[in-house]
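J.: based on what follows, work out the 3D shape:
(chains A and B)
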2 protein chains.
Amino acid sequence: MMIVNGAEADTIPATDRGIAYGDGVFRTLCVENGTPRHWQRQYAKLEADCRALGIACPAMHTLRADLAMVENSGLDQAVKIIVTRGSAARGYRIPVSPQITRVVQSGPLPRYPAEYAASGVKVHACRLRLGAQPALAGVKHLNRLEQVLARAEWSDESVAEGLLCDRDGWVIGGTMTNIFISEQGRLVTPDLASSGVAGVTRDRVMDAARRNGAACTVERVPHDRVLAADEVMLVNSLAGLWRVREYSGRLWNPGPVATQVKRWLDEEEPAA
Amino acid sequence: MMIVNGAEADTIPATDRGIAYGDGVFRTLCVENGTPRHWQRQYAKLEADCRALGIACPAMHTLRADLAMVENSGLDQAVKIIVTRGSAARGYRIPVSPQITRVVQSGPLPRYPAEYAASGVKVHACRLRLGAQPALAGVKHLNRLEQVLARAEWSDESVAEGLLCDRDGWVIGGTMTNIFISEQGRLVTPDLASSGVAGVTRDRVMDAARRNGAACTVERVPHDRVLAADEVMLVNSLAGLWRVREYSGRLWNPGPVATQVKRWLDEEEPAA
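T.: Below you'll find the predicted structure:
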């Protein structure tokens, strides 16, 4: 089911800057029994990403009303929210008074093979190197051709995700996940100042580590450091946490840190 | 007027990968008296760009039929052609049998101030640095947030264009134009192996130089080399050629090379 600017619809104007230039941002979240999970965080991230592009973010109550229109099935759902700079005449120049487009689209949760959660995942080493663009790094914007090309590198169904480095060889994350590595019990996640998407679940892990007095730092992570790590984890809002079982010839056994981080993610977060 | 997949329409499905990921390419061309200018070149470039993304390019006769539907006003028009990988379920993975979306949209030619052609243009030095992505460089794809951000750097109506460098300081081109510089009568245009769009008019200038026995090379061009050049020109399919009058504190007088290149562009090209 799809809601476009507050009304049930399945199309948007072909002149939308979302199509013309990918001029917008998006979120993918889980709606459980009609309640969007981690909504405050999801909205805060949407707002921050809109701000990065100079787009006026729709009000929280407006999006909640849109969500209410797709939430009534009672089943858990994957919901995607897209906010674009709206329709405009041709040309890169930002219109004086853009009419923002918002799309809220619900669908079934992705059905990942049960073994992903039970036994960990196999990860492809992407050949594509992510470009560096500090002005857009961290933002979940609609310019996702790098992820499309990276995801097209493998078709083996047993491979759950692909890991991407930038052109200087620093690990950035998966095509649709953020990565954490564990080194002697200390968590490390890559610096996303130049590339990548800083996801809500990544923030939740960092906050949970802080709350629990566990070491968790943001650092530049070379590829070899992933291979040398004690444990490797991938996270996002729909999959939760997958521990990496196999990557680039290295195998990992289940470890205590991934179990601990998964427990953090399953716990209720304290009110902000 | 707008033609979507061969029929008059003004919307596309909100699930189109063009919106979701900018997963497509586009062309902007001039249609004169019902005839698209340099159509063989425009189509060849569309086809090459589709190939770079693994998108099946619509057949030439299919697009010509679309163009015929918008060409009947008799007036010269700007036509934009968008080809996307079409609608699909959520996720970066490319569908097994994508149903390509094609949009052909016509509108009035842009009305640039008469002084641009008469006296040359003033150009802004963009602060944004283009990211490097060899897998997408040269392709006119729908991931254009860098151009949107760059174009937002100035609002002064007397500035016609902004010039962009990559993060290593090499000049790439304007937000919507390719650049040529002239050094002692020799033309040079930047290497676009890592960033930028290799436009049809850039190709036409290079071919015309070859036909006319004039030196024209593709090189890495540092910013200072633009400032030291005898003449600087910007080209694209709608504007044709603008000589640069002012950039980054340097002023240029009209010169013979821009006049010559403009003449080449105005001439009929020999049949391929």
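J.: got the residues of the stretch 51-200 of chain A near chain B?
T.: Residues of the stretch 51-200 of chain A found near chain B (C-beta under 8 Å from any C-beta of the partner chain) are A:53-54, A:78, A:80, A:82, A:84, A:89-94, A:103, A:105, A:107, A:110, A:128, A:130-133, A:135-136, A:141-152, A:167, A:175-176. All C-beta atoms are positioned from the backbone trio N, CA, C, and that covers glycine.
J.: among these, which ones are buried?
T.: For those, a burial check counting by 16 or more other C-beta atoms under 10 Å in any protein chain shown picks out A:53, A:78, A:80, A:82, A:84, A:90-94, A:103, A:105, A:128, A:130-133, A:135-136, A:141-152, A:167, A:175-176.
J.: quick one, longest helix in chain A?
T.: In terms of residue count, the longest helix belonging to chain A (DSSP state H) is helix A:39-53.
J.: I'd like the next helix or strand past that one.
T.: helix A:60-70 (DSSP states H and E).
J.: quick check: buried residues in the longest helix of chain A?
T.: Buried, per 16+ other C-beta under 10 Å, within helix A:39-53: A:41-47, A:49-50, A:52-53.
J.: what's the angle from that helix to helix A:60-70?
T.: 120 degrees (axes from the mean of the first three to the mean of the last three C-alpha atoms, to 10 degrees).
J.: hmm, who's touching helix A:39-53?
T.: With C-beta atoms under 8 Å, 6 or more residues apart in numbering or on different chains as the test, helix A:39-53 has contacts from A:23-25, A:27, A:29, A:36, A:56-57, A:60, A:63-64, A:81, A:83, A:85, A:135-136, A:138-141, A:199-200, A:203-204, A:237, A:272, B:145, B:148-149.
J.: now, these that are in strands?
T.: In strands, defined here by DSSP state E, the members of these are A:24-25, A:27, A:29, A:36, A:81, A:83.
J.: can you pull out the helices in the stretch 101-250 of chain A?
T.: Along the stretch 101-250 of chain A, the segments classed as helices by DSSP state H, counting those that start in this stretch run A:114-119, A:145-151, A:200-211, A:223-228.
J.: can you tell me which of those the model trusts least?
T.: Mean pLDDT values for these show the minimum at helix A:114-119, a mean of 91.
J.: what residues of that one count as buried?
T.: Result for helix A:114-119 [16+ other C-beta under 10 Å]: buried residues A:Tyr116.
J.: same question, stretch A:197-208
T.: Per 16+ other C-beta under 10 Å, stretch A:197-208 contains these buried residues: A:197-208.
J.: just for chain A, where's the confidence low?
T.: Applying pLDDT under 70 to chain A picks out residues A:72-73, A:271-272.
J.: again, 90 this time
T.: A:1, A:32-35, A:70-76, A:88-90, A:114, A:117-118, A:268-272 (pLDDT under 90).
J.: and the residue positioned nearest the centre of it, how far is that from A:Met60?
T.: Nearest residue to the geometric centre of chain A (C-alpha atoms, centre = their mean): A:Gly199, 4.5 Å. Distance, A:Gly199 to A:Met60, using C-beta to C-beta, to the nearest Å: 20 Å.
J.: again, but for A:Arg102
T.: Taken as C-beta to C-beta, the span from A:Arg102 to A:Met60 is 12 Å.
J.: show me which residues of stretch A:254-265 are buried.
T.: Those would be A:255, A:257-258, A:260-262, A:264-265, for stretch A:254-265 by 16+ other C-beta under 10 Å.
J.: okay, these in a markdown table with secondary structure and distance to A:Ser182 next?
T.: Putting the buried residues of stretch A:254-265 into a markdown table (DSSP: H, G, I helix; E, B strand; the rest coil; distance: C-beta to C-beta, whole Å) gives the following:
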| residue | secondary structure | distance to A:Ser182 |
| --- | --- | --- |
| A:Gly255 | coil | 7 |
| A:Val257 | helix | 4 |
| A:Ala258 | helix | 7 |
| A:Gln260 | helix | 9 |
| A:Val261 | helix | 8 |
| A:Lys262 | helix | 12 |
| A:Trp264 | helix | 13 |
| A:Leu265 | helix | 15 |
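J.: JSON lines please, covering those and showing distance to A:Phe180.
T.: Shown next, in JSON lines, are those (distance: C-beta to C-beta, whole Å):
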{"residue": "A:Gly255", "distance to A:Phe180": "12"}
{"residue": "A:Val257", "distance to A:Phe180": "8"}
{"residue": "A:Ala258", "distance to A:Phe180": "9"}
{"residue": "A:Gln260", "distance to A:Phe180": "11"}
{"residue": "A:Val261", "distance to A:Phe180": "7"}
{"residue": "A:Lys262", "distance to A:Phe180": "11"}
{"residue": "A:Trp264", "distance to A:Phe180": "11"}
{"residue": "A:Leu265", "distance to A:Phe180": "11"}
